[in-house]
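> Got a predicted structure here, sequence first:
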Amino acid sequence: MSGTARPDGPDPEAARPVPAEPEGGESACWLDKVCGACGAIQDTAPFDRCARCGAARE
């Protein structure tokens with residue numbers, strides 16, 4: 001023997017399932033809420049004019 005201990009069975013850490021990624025969070029695409037002129041995010045979508053700068057939606 002080389003002096004290193006061997007486990008008597010399978011590694012209990014390796015047998016544990018990997019937890020799934022949590023679901024939820026914000027939507028990935030907010031393009032329909034972003035003003036093209038100033039970059040402000042609008043409270044509602046679709047919008048006609050930006051609440052910050054007044055620019056018309058492109």
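Received the coordinates, thanks.

> start to end distance for stretch 33-50?
9 Å (C-alpha to C-alpha, to the nearest Å).

> Give me the contacts around stretch 31-40.
The set of residues external to stretch 31-40 that reach it, using C-beta atoms under 8 Å, 6 or more residues apart in numbering, is 41-47, 50-53, 55, 57-58. Every C-beta, even on glycine, is put in place using the N, C-alpha and C of the backbone.

> let's see 7 Å
By C-beta atoms under 7 Å, 6 or more residues apart in numbering, the list of residues contacting stretch 31-40 from outside reads 41, 42, 45, 46, 50, 51, 52, 53, 55, 58.

> Report the buried residues of that stretch.
Buried residues in stretch 31-40, defined by neighbour count with 16 or more other C-beta atoms under 10 Å: 34, 35, 40.

> re earlier: TSV please, covering the contacts of stretch 31-40 and showing neighbour count and distance to residue 19.
Below are those laid out as TSV (neighbours: other C-beta atoms under 10 Å; distance: C-beta to C-beta, whole Å):
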residue	neighbour count	distance to residue 19
41	12	32
42	18	36
45	12	34
46	8	38
50	19	42
51	12	41
52	13	41
53	11	44
55	13	45
58	6	43
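
> mind listing the helices for the protein?
Assigned helices in the chain, in chain order: 12-15 (criterion: DSSP state H).
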